[in-house]
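Student: Here is my input, please return the structure:
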Amino acid sequence: MKQADPVKSTSNVGALLFILCLASSLVPFMGSALNLALPYINKDLTLNTVMLGWIPTSYMLSTAILQIPCARFADMIGRKKVFIWGVVILTVFSVLSGLATTGVILIIYRFLAGIGSAMMFGTSTAILTSSVPAEKRGWAMGLISASVYFSLAAGPFIGGLLTQYLDWHSIFFVSAAISFIVAVGGYYIIKEDWKEETKSKFDTIGSILFAIGLSALIYGFTTLPHFQGFIFIGVGIAVLLIFAFYEKKQEFPVFNIRVFMGNKVFRLSSLSALINYSATFAISFMLSLYLQNVRGLTPRDAGLLLIIQSVVQAVASLKSGSLSDKMSPTFLATLGMSIIAVGLVGLCFISENTSYYFLGGMLILLGLGFGIFSSPNTNIIMSSVEKKYYGLASATMGTMRLTGQSLSMGIAIMSISLMVGNINMSAMSPAKFINSMQITFVICLILCLFGIYASSVRGKK
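Tutor: Alright, predicted model coming up:
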């Protein structure tokens, strides 16, 4: 089906960018704000360490397993429809999460909110790429990345204030208000639906195989080092291999494995994103617990310290996005990963008495590295495929991000379970928690080194 001119089909690209930036800020704001509130959620709902980790993980799991199927569905019925309905679902379950009275109910609502998030993020980057000329794509990606990092910066501070002066429920209500604005604005501002394939069939079997395989893999990581964790990881890998072979034979696959395997730049750039998020996402979770439970900081003060990384990320991503239109984005992304590795080395030596200045310096390095990596890597991924595969590329990138974040949380939960045990956070030994934090950062560092290699050998966009 022939598309309308993507630039002319949207009456106001600036307004569209605003809505997509606001949409992109929802999840990082919620995640970073929620990390500061976890000790208070634990106090109110009396959760053990493993269940506490599942509050952010359940959301990321559902988003990760459904993002690619949602993007495929959007190619068939229209990206605007799927995007708007996704934001509506996210709004509803954000409100319900704020009303949750038990840990189990909260985890269920977070999982269901992730369905809306999958619909929204499975289409947002594809909508952006279809609306912005190729020569300005890096700049637009930089704006999106900057909005993500500014929301990450605002999340700990605003989340700390909301938690300290109201309560943790208010974080969900504020997020719901933002998502409501996105839903209304998106409905009126996005003019084109961008249907790529109207006569194809939805690959139900492939979607189910993908969901089972990825769920088993992520759940397995969260239950390590117990034996059942290795069983689930093995089952997850086996099912994902079956999924890959199945998809190669389908006329209308939910995930076009031939594009993934036949495009080196796309494949290695996606792998770089997966490794990057696996190596970095657990950092804020662990440091939030460390600053409040070990160092005794209030949510507000912990947020003021953690905000350093996000502010640096926002500034760096703006510059790196524009630079990726003028110089090698592969070099920039690899440089960013290398800087992250240096920051992780420093975090491995954190103790109960580590100077806040040292910690702030490491957060600056991490923010600088991630800001330099993110926008160029996104630009490489979206520029490495044909226009008809924008939905696939957008969803793949999102799935790699969420899968990486889920695996990163799995590493953190595994380390806490190994060193601290499945106990209430209030009974946690500071020394044992620091040991678990150091194990987490060492594993993240090793992953980051693999990511540097994957980023450096992918070639040009």
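
Student: Please report how far the nearest residue to T223 once chain neighbours are set aside lies from S415.
Tutor: With CB to CB, 6 or more residues apart in numbering as the measure, G229 is the residue that lies nearest to T223, at 3.9 Å, once sequence neighbours are left out. (C-beta placed from N, C-alpha, C; glycine too.) Distance check for G229 against S415: by CB to CB, to the nearest Å, it reads 13 Å.

Student: re the thing from before, name the helix or strand for the residue nearest to T223, please.
Tutor: Secondary-structure assignment from DSSP states H and E places G229 in helix 227-248.

Student: Show the subsequent helix or strand relative to that helix.
Tutor: Next in sequence after helix 227-248, counting helices and strands by DSSP H and E, comes helix 257-262.

Student: what does that next one contact?
Tutor: Where contact means CB atoms under 8 Å, 6 or more residues apart in numbering, the residues beyond helix 257-262 that reach it are 244, 247-248, 266-267, 270, 385, 389, 392, 396.

Student: for that helix, what is the average pLDDT?
Tutor: For helix 257-262, the mean per-residue pLDDT is 74.

Student: how about the helix or strand just after it: buried residues?
Tutor: Using DSSP H and E, the helix or strand that follows helix 257-262 in sequence is helix 264-289. Taking 16 or more other CB atoms under 10 Å as the basis for neighbour counts, the residues of helix 264-289 that come out buried are 265-289.

Student: Give me the distance from helix 264-289 to the chain's centre.
Tutor: Between the mean C-alpha location of helix 264-289 and the chain-wide mean there is a distance of 8 Å, by CA atoms, centre = their mean, to the nearest Å.

Student: by contact count, what packs against it?
Tutor: Packing contacts for helix 264-289, counted by 3 or more CB pairs under 8 Å, 6 or more residues apart in numbering; DSSP states H and E, involve helix 13-45, helix 257-262, helix 299-323, helix 329-347, helix 356-383, helix 390-419, helix 430-456.

Student: Those: which one's closest to I171?
Tutor: Each of these was scored for nearness to I171 using CB to CB, and the closest is helix 13-45 (4.8 Å).

Student: what's the next secondary structure element after that closest one?
Tutor: helix 49-77.

Student: so that following helix versus helix 13-45, what angle?
Tutor: Inter-element angle recorded for helix 49-77 and helix 13-45: 150 degrees (by axes from the mean of the first three to the mean of the last three CA atoms, to 10 degrees).

Student: What mean pLDDT does the helix or strand just after helix 49-77 get?
Tutor: Once the chain leaves helix 49-77, the next helix or strand it forms, by DSSP H and E, is helix 79-98. Per-residue pLDDT over helix 79-98 has a mean of 88.

Student: Check which residues of the next helix or strand after helix 79-98 are buried.
Tutor: Heading C-terminal from helix 79-98, the first helix or strand you meet, by DSSP H and E, is helix 103-131. Within helix 103-131, the residues scored as buried using 16+ other CB under 10 Å are 103, 106-131.

Student: Mind giving me the packing neighbours of helix 103-131?
Tutor: Based on contacts counted as 3+ CB pairs under 8 Å, 6+ apart, the elements that helix 103-131 packs against are helix 13-45, helix 49-77, helix 79-98, helix 137-165, helix 356-383, helix 390-419.

Student: Report the distance from the last one to the chain centre.
Tutor: When distances are taken as CA atoms, centre = their mean, helix 390-419 is centred 7 Å away from the chain's centroid.

Student: Ok, the first one next?
Tutor: When C-alpha coordinates are averaged (CA atoms, centre = their mean), helix 13-45 and its chain have centres 11 Å apart.

Student: buried stuff in that helix?
Tutor: 13, 16-42, 45.

Student: Could you do the fifth one as well?
Tutor: Neighbour counts over helix 356-383 (16+ other CB under 10 Å) mark 359, 362-383 as buried.

Student: between that helix and helix 264-289, how many degrees?
Tutor: Inter-element angle recorded for helix 356-383 and helix 264-289: 150 degrees (by the same axes, to 10 degrees).

Student: Summarise which helices and strands helix 356-383 is packed against.
Tutor: Counting contacts by 3+ CB pairs under 8 Å, 6+ apart, the secondary-structure elements packed against helix 356-383 are helix 103-131, helix 137-165, helix 264-289, helix 299-323, helix 329-347, helix 390-419.

Student: what's the angle between the last one and helix 430-456?
Tutor: It refers to helix 390-419. Using the same axes, to 10 degrees, helix 390-419 lies at 150 degrees relative to helix 430-456.

Student: Could you number the chain from 16 rather than 1 from now on?
Tutor: Yes, from this point I'll number from 16; that puts the last item at helix 405-434.

Student: circling back to that earlier point, need the contacts of helix 272-277 in a markdown table with distance to V357 and pLDDT, can you?
Tutor: Formatted as a markdown table, the entries for these read as follows, by distance: CB to CB, whole Å; pLDDT from 0 to 100:
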| residue | distance to V357 | pLDDT |
| --- | --- | --- |
| A259 | 35 | 83 |
| E262 | 38 | 79 |
| K263 | 40 | 81 |
| F281 | 28 | 79 |
| R282 | 27 | 80 |
| S285 | 24 | 81 |
| V400 | 32 | 74 |
| Y404 | 35 | 71 |
| L407 | 34 | 68 |
| T411 | 28 | 75 |
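
Student: about what we covered before: quick check: which of the helices and strands packed on helix 279-304 is nearest to S194?
Tutor: Of those, the one closest to S194 (CB to CB) turns out to be helix 28-60, at 5.6 Å.

Student: who does that closest one touch, helix- and strand-wise?
Tutor: Helices and strands touching helix 28-60, by 3+ CB pairs under 8 Å, 6+ apart, are helix 64-92, helix 94-113, helix 118-146, helix 152-180, helix 184-204, helix 279-304, helix 314-338.

Student: Rebuild those helices as CSV, extending it with distance to L362.
Tutor: Below are the helices and strands packed on helix 28-60 laid out as CSV (distance: least, CB to CB, whole Å):
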stretch, distance to L362
helix 64-92, 19
helix 94-113, 30
helix 118-146, 27
helix 152-180, 17
helix 184-204, 26
helix 279-304, 7
helix 314-338, 11
